[in-house]
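Peer 1: Kindly generate the corresponding structure for this input.
(one chain, ligands or ions: 1)
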Amino acid sequence: MRFTKMHGIGNDYVYVNCLEENVENPSELSIKVSDRHFGIGSDGLILIKPSEKADFEMEMYNADGSQGAMCGNGIRCVAKYVYDYGLTDKTSISVDTKSGIKYLELTVENGKVSLVKVNMGQPELEAAKIPMIYKKEKVISQPLGVNDDVYEVTAVSMGNPHAVVYMDEIEKLEIEKIGPYFEKHPAFPEGVNTEFVHVIDENTVEMRVWERGSGETLACGTGACAVAVACVLNGYTNDEVTVKLLGGDLKIFWDRKENLVYMTGPATVVFDGVIEA
Ligand SMILES: N[C@H](CCC[C@H](N)C(=O)O)C(=O)O
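Peer 2: Prediction:
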């Protein structure tokens, strides 16, 4: 089976063009290819499929084989793949996902996509729809007991669930110790992606992320969007935020009039390969 290894600021996935390849068990395949010793090594698997409703469809799986509903870094790479590999010549495309159709604008330099702007849709703040079990309708810097500590959590869905926590010195955080407690917390019946954020100024934040189903990743596009929304709601930043992640930066803009979140960032091809599926 042919694949392409790509990453969005270090959030790396194995991409399969399902217009040409057939994947029987994507969950099993994601576990296999994600293994950084016995497989290709990645944060998961992304299938590029034909669509009746949009130009293409994206299906995303985490390293543990669980299926995610949306992948911000991944959808930018899907856009780069379909243009650079000749599946489309359009620079405005639509991609259907488990959290609805997303619309993307491609910047092309020397015949290849260098930057992608994604309309990530509306943030969801109603706890029940994140989903999060909590005594309030919205969770904006509310206390949550996690493994004998109490954290102030802001909960946002970008089509997938996020818990945003603010702290200083995130570089010292032992994320592998606390991340799993958030990920499997009973308040999040479908699990949660958790972002640990340090606000630098009203236009800039830095973050680390423990992802549901993949552990710490170098970046998370939906997570960066959730962080920007949480920062605005908590009065920490303006509506346009540079989010600095371990693997690079993303520009996030929450258009409050339209209530739409836009994410702009790069997408990178690492190599093409063939694997026994
Ligand atoms: N890395 C992805 C998010 C994956 C989310 C996945 N871990 C889940 O929701 O289960 C991103 O760039 O948005």
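Peer 1: Get me the contact residues on the stretch 1-150 of the chain for the ligand.
Peer 2: Within the stretch 1-150 of the chain, the positions near the ligand by Cβ under 6 Å from any ligand atom are 11, 62, 68, 71-74. C-beta here means a position set from N, CA and C on the backbone, and glycine is covered the same way.
Peer 1: Going through these, which ones are buried?
Peer 2: By neighbour count, with 16 or more other Cβ atoms under 10 Å, those hold 11, 62, 68, 71-74 as buried.
Peer 1: In those, find the pair that's most separated.
Peer 2: Taking Cβ to Cβ, the two most distant members of those are 62 and 72; they sit 14.0 Å apart.
Peer 1: State the pLDDT value of the most far-flung residue of the chain relative to its centre.
Peer 2: Within the chain, residue 148 marks the point farthest from the mean C-alpha position, 28.3 Å out by Cα atoms, centre = their mean. If you check residue 148, the pLDDT there is 92.
Peer 1: From residue 181, how far off is it?
Peer 2: Here residue 148 is placed at a distance of 9 Å from residue 181 (Cβ to Cβ, to the nearest Å).
Peer 1: How about the residues of the stretch 151-277 of the chain by the ligand?
Peer 2: Contact residues (Cβ under 6 Å from any ligand atom) of the stretch 151-277 of the chain with the ligand: 160, 193, 211-214, 217, 220-223.
Peer 1: please redo it, this time with the cut-off set to 8 Å
Peer 2: 158, 160-161, 191, 193, 209, 211-214, 217, 219-225 (Cβ under 8 Å from any ligand atom).
Peer 1: which ones are touching the closest residue to residue 9 other than its chain neighbours?
Peer 2: Spatial nearest neighbour of residue 9, excluding adjacent residues (Cβ to Cβ, 6 or more residues apart in numbering): residue 248 at 3.2 Å. If a contact means Cβ atoms under 8 Å, 6 or more residues apart in numbering, then residue 248 has 9-10, 218-219, 265-266 as its contacts.
Peer 1: Now, the residues you listed that are in strands?
Peer 2: Per DSSP state E, strands hold the following members of the contacts of residue 248: residue 265.
Peer 1: Out of the contacts of residue 248, which is nearest to the ligand?
Peer 2: The shortest approach to the ligand among the contacts of residue 248 belongs to residue 219, at 6.5 Å (Cβ to the nearest ligand atom).
Peer 1: I'd like the distance between that closest one and residue 96.
Peer 2: Separation of residue 219 from residue 96 (Cβ to Cβ): 23 Å.
Peer 1: who's more crowded, the two?
Peer 2: residue 219 (28 against 19; other Cβ atoms under 10 Å).
Peer 1: right, and the more buried one touches residue 244 too?
Peer 2: No - if you go by Cβ atoms under 8 Å, residue 219 and residue 244 don't touch, sitting 9.9 Å apart.
Peer 1: Put the buried members of the contacts of residue 248 into a PyMOL selection.
Peer 2: Applying 16+ other Cβ under 10 Å to the contacts of residue 248, the buried members can be selected in PyMOL as follows:
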select buried, resi 9+218+219+265+266
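Peer 1: could you dump the contacts of residue 248 to JSON lines with pLDDT and distance to residue 122?
Peer 2: Listed next are these as JSON lines, based on pLDDT from 0 to 100; distance: Cβ to Cβ, whole Å:
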{"residue": "9", "pLDDT": "98", "distance to residue 122": "24"}
{"residue": "10", "pLDDT": "98", "distance to residue 122": "27"}
{"residue": "218", "pLDDT": "98", "distance to residue 122": "27"}
{"residue": "219", "pLDDT": "98", "distance to residue 122": "22"}
{"residue": "265", "pLDDT": "98", "distance to residue 122": "20"}
{"residue": "266", "pLDDT": "98", "distance to residue 122": "24"}
